[in-house]
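Asks: following is a predicted model, sequence given first.
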Amino acid sequence: MPILILQRLFLEIVLDIFYFPVWWYTKGALYALGRCFDLLKQGNTNLAPGLWLANIFIPMFGQYDVGGRIVSFFMRLVQIIARTFALFLWTAVCGLLFVAWLLAPVLVFYGVAYAI
Amino acid sequence: MQFNQPLTLPVLTCEPCKTTGFVGYGKCKACHGMAAGMSKRGSWLYWNYPLTRYHLALQAGRRILHRVQFITALVLWLNAWIWFGFSTYKQGTYTLIFSRQWREFFLGRTNSSILLFWLGVVALLYVWYRLIRQKELTGAVEPFVYNFKQKKKEEIDLHIESWTETTKIIRKKKRNIAKAFTEEALSSLAKAYKLASKARAKELRLEHLFYALLSFNRIGNIFIRLGIPASSLQKELEPMLKTDQKQTAYAGTAPAVSKDVYQIIFQAYEEAYKSRQNYVSVTELLIAVIEQNQALQEILFNFNISERQLVNAVEWARMRERLHREYIKSRQAASHHSKYGMDKAMTALATPYLNSFSSDITMLAHYGQLDQCVARTNEIDEIFQVVESDQYNVLLVGDHGVGKSAIVEGVAQNMIRDEVPDRLKDKRLVRLSISALLAGTSPEGMVERLRHIMEEISRARNVVLFINNLHELIGVSIGNSGSLDIADTLAEFLSNRRFFTIATTTPDDYAKYVTGSTVKDVFTKVDISKMDEDQAIQVLESRAGVLEYKHNVFFSYAAIEKCVEFANKFLHETNLPGSALEIMNEAAVYTRNKKGTNTIVTGEEVAAVVTEKTKIPLSVISSSEADKLMHLEEEMHKRVVGQDEGVSAVANALRRARAEIRSSKRPIASFLFLGPTGVGKTELAKTIAEVYFGGEDKSIRFDMSEYQDKSSIYRLIGLPGEKGTGVLTEAVRRNPFSLLLLDEIEKADPDVLNLFLQVMEDGRVSDSSGHAYDFTNVIIIATSNAGTAYVQEQNKNGVAHEQILNQLLHSELKQYFRPEFLNRFDGIILFNELGREDIKKIAGLMFARIAKDAEAKGISLAATDSGLEYLVDVGFDPEFGARPMRRALQEKVENKLAELFLQGALKRGITATFDRGGEITLE
């Protein structure tokens, strides 16, 4: 039986090495996509432009007078624009990370080929 | 049996493959490799981890292989990059960095060096790949669903009765529970299998699994907490693992897995689900194994471990892990929480005025300064239910020390983690300081401040107000002629429903202040009950880690259990868990000081701490103490002459008490001593106080002739509405372990006797303000001269002792006591009249006391037998017992000694002998 097990394990090692690149573009890619999406969600939680948009007509710091409302509205508008832009950048970063995942094997292949 | 038998789960096992999931080396066609499964909560839970020799060996091999793969890739990566760095250094290309010639730096190097770099990258990616794949292998226990019962029944049951039906189940509803088992738990199963195989057992049984589990550190530590090394248990198990002929398998045959093992695998999974834990560890397997097997329970029983102890000790281990996870989660959540008390949308208003009268609890939670709240999940859920049901004000009603504030702090911690109803999210919990509100102002000023604060909170919109001890706030208005009612102001603002309020009060104050005020209608009441012992044990277990770290000691489970048990039994001033935490804290310090650091706090140290506080002997009886208890009668006879019946009754009661073979709901013992004056009733009571309680001053003595009218009961239990004014209740509060001597009880008012009737029956009495006092560690001795004339007359007529006592109980004493009162005594003892010989012995004892005093002055005093006979001649009077002897000694011995002393005849070193005719000769 030990021989059988060793045979099986050896086969698994070989298969694992071949499965590695396949996994990278199938399950691994999905995993990377999930992680990038998590990062994006975290960015959204921190920047929260949606929350600012929902509260656009609610004055900041409880300033319910007319002046306060006007200032708040514009302040919130600026914040929403800035936060949306930041979130956009963050989305780009997340996207780039995913692209980097996809490109990594190609780059490695190219690098090795170049060296050889 | 002491363990509860768990409900048998409807686990479906596969016969064709003998529940292995495999036939030969191929998957079983009947169960599709699922081997065992059951339908639960609308899912099909199955076990796909073949317990066969081949698959377990393969799994073990895989585990090693994965490690080897990982380490090899790691080494390759590091090696490649180190060599790459080395070649960069050798070629001198690193200098290009300083001259910023990037292109040359990256491309201007040899091919072998670039190859090394890229090979390193490949190895690094492989390391990453292996890490992620490893995570993929582990699954989790399904998330806990609240109020599952409310879901429609057809949704829950899949009605699977055979394997053919399982093919229809969609993939989403299938869950391989083996993936939720930790690597340690899986290897415990493998280890058990190996053990069974080695013993050539036909079947893998629960005994094998238990033996295997004991070899894991996590389990070993649990048993160390219980005071038993795992190796001792393993030794005890060894005979059970030996197989007889019936159980022995043929050589080379692999053991099958018994159905019990599959049953416990699913039980362990359910246990993890119920505990809301997302993995199944060895601890769940341990509980399931023991609950399933009676033989193992017997072994634990022989080691003095009950189900409760085991479950609590396991819970302790699990709690440590859970608290750690929660702490990490809180810390991560705190990083998203504003440090300035502002909500995420910045709609909130700063509250400078409120801030000067309050403290922000969410901020304390933010910085991790609050203790974690345990064993109060139900109460917190109830608060959330109230909040979700469109109520704005919650009032927590519970006694002092039950943990109301801890619950509110738990709410604050949940707020930080956002694990609260939406209406409480992104808010801050602020505790109003009533003392700050009251300081330096009149009630009018306070109302003004309160209005200001309430208005600020209403505007701020992100404040949840916490008023601790609401009655203190309402109570202020009570004393002020009713013209200005703070309760009304409070009710006015709180009924506006513009912000949430959580307040606390005690049941007494709720009845006294809240029910009669307008505030009552705006609050929804949530009762916070006193913790039971198991909950308190959990709280102590959660705090043990901090104390262990602080004092460098290690708590055994017995210590924690004793802390709670003693606190519940003997410390009635504060409620659980507060009282138990106090003992625990002191026990840690006591152990460190007595035994040093790195030692174990056992039940003995806890007992010593409680004994120090209450004077109640609680430690294990030492051999010298046992010896003393066995010879109590002899010890007592050194002071009390005769009265064998009384002495032996008392000695037996004391022995029962110390060996804890008595009802814990009644006083240790209660006796009524009857008999004429001077026969030794009070002397015996004093002797008990000295021998057992450690001194005559440890007795609480009441002369009942002072309690002859009805109003005197208030002197004993205190005036109505005034706490701590009862002489009886206060004396017992101060010395819960003492002797209560009630002299001449027949003279007390019948109402006073009724009070003692209750004490003897229930072991407790409530004072005028309703506070209960514990009398379960008190010995009650009542003395009485009632019926003396009758006794003396019957004695003269030569009537037998038993007959006199019988007659006394059935006729004479009824004039003084009601039959139910007499019935409550553990023993009614009629003291015999003292004879001439008894009086002579008493004279000897009394003379010895005078001799002892003289010895302090350097004079050696002795009495001859004739001298004692002379004293008996002078001081013997059958009617008055030993009392005249005291006078005789005073006149015939002490007076003469005083004269001799003043004459200068008695000097240090002289020997004085009291002889015939009362003569004192000096040598």
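Replies: That came through fine.

Asks: for whatever residue of chain A ends up closest to chain B, give me its contacts.
Replies: Using CB to the nearest CB, the closest approach of chain A to chain B is made by A:G62 at 2.9 Å. Glycine gets a C-beta too; all of them are placed from N, C-alpha and C. Contacts of A:G62 were listed using CB atoms under 8 Å, 6 or more residues apart in numbering or on different chains, and they are B:347-350, B:459-461.

Asks: looking at this, B:F671 is in a strand?
Replies: Yes - under DSSP: H, G, I helix; E, B strand; the rest coil, B:F671 sits within a strand.

Asks: on that earlier part again, just the buried ones from the contacts of A:G62, in ChimeraX syntax?
Replies: Filtering those down to the buried ones (16 or more other CB atoms under 10 Å in any protein chain shown) takes a single ChimeraX command:
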select /B:347,348,349,459,460
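
Asks: remind me which helix or strand the residue of the stretch 451-600 of chain B at minimum distance from chain A belongs to.
Replies: Nearest residue of the stretch 451-600 of chain B to chain A: B:R459, at 5.1 Å (CB to the nearest CB). Using DSSP states H and E, B:R459 sits in helix B:443-460.

Asks: cool, B:F702 as well?
Replies: Per DSSP H and E: strand B:699-703 holds B:F702.

Asks: if you count contacts, what does the next helix-or-strand element following that strand end up packed against?
Replies: Downstream of strand B:699-703, the next assigned helix or strand under DSSP H and E is helix B:712-717. Secondary-structure packing of helix B:712-717 (3 or more CB pairs under 8 Å, 6 or more residues apart in numbering or on different chains; DSSP states H and E): helix B:727-734, helix B:750-762.

Asks: just the pLDDT at the residue nearest to the spatial centre of chain A, thanks.
Replies: With distances taken as CA atoms, centre = their mean, chain A has A:C36 as the residue nearest its mean C-alpha position (2.1 Å). A:C36 carries a pLDDT score of 94 in this model.

Asks: what sits against it?
Replies: Each residue near A:C36 by CB under 8 Å, 6+ apart is listed here: A:94-95, A:97-98.

Asks: among these, who's most crowded?
Replies: Ranked by the number of neighbours (other CB atoms under 10 Å in any protein chain shown), those place A:C94 first, at 20 neighbours.

Asks: so that one is in which element?
Replies: Assigned by DSSP H and E, A:C94 falls in helix A:66-115.

Asks: picking up where we left off before, got a markdown table for the contacts of A:G62, with pLDDT too?
Replies: Conversion of the contacts of A:G62 to a markdown table gives the following (pLDDT from 0 to 100):
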| residue | pLDDT |
| --- | --- |
| B:T347 | 77 |
| B:A348 | 78 |
| B:L349 | 78 |
| B:A350 | 80 |
| B:R459 | 83 |
| B:A460 | 84 |
| B:R461 | 82 |
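
Asks: and for residue 113, the neighbour number?
Replies: I went with chain A, as the question did not name one. A:A113, neighbours per other CB under 10 Å, totals 9.

Asks: that answer is for a different chain, and I need it for chain B
Replies: As a burial measure, B:S113 scores 18 neighbours (other CB under 10 Å).

Asks: can you list the buried residues in whichever strand or helix holds it?
Replies: B:S113 belongs to helix B:111-137 when assigned by DSSP H and E. For helix B:111-137, the neighbour count (16+ other CB under 10 Å) marks B:113-130, B:133 as buried.

Asks: what about chain A: which of those touch it?
Replies: With CB under 8 Å from any CB of the partner chain as the criterion, the buried residues of helix B:111-137 include B:114-115, B:117-119, B:121-122, B:125-126, B:129, B:133 near chain A.

Asks: show me what from the stretch 101-250 of chain B comes close to chain A.
Replies: Counting by CB under 8 Å from any CB, the residues of the stretch 101-250 of chain B close to chain A are B:111-112, B:114-115, B:117-119, B:121-122, B:125-126, B:129, B:132-133, B:136.

Asks: try it again at 6 Å.
Replies: Contact residues (CB under 6 Å from any CB of the partner chain) of the stretch 101-250 of chain B with chain A: B:111, B:114-115, B:118, B:121-122, B:129.

Asks: is it possible to get a markdown table of those that adds pLDDT?
Replies: Below are these laid out as a markdown table (pLDDT from 0 to 100):
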| residue | pLDDT |
| --- | --- |
| B:N111 | 75 |
| B:I114 | 84 |
| B:L115 | 87 |
| B:W118 | 89 |
| B:V121 | 92 |
| B:V122 | 92 |
| B:Y129 | 92 |
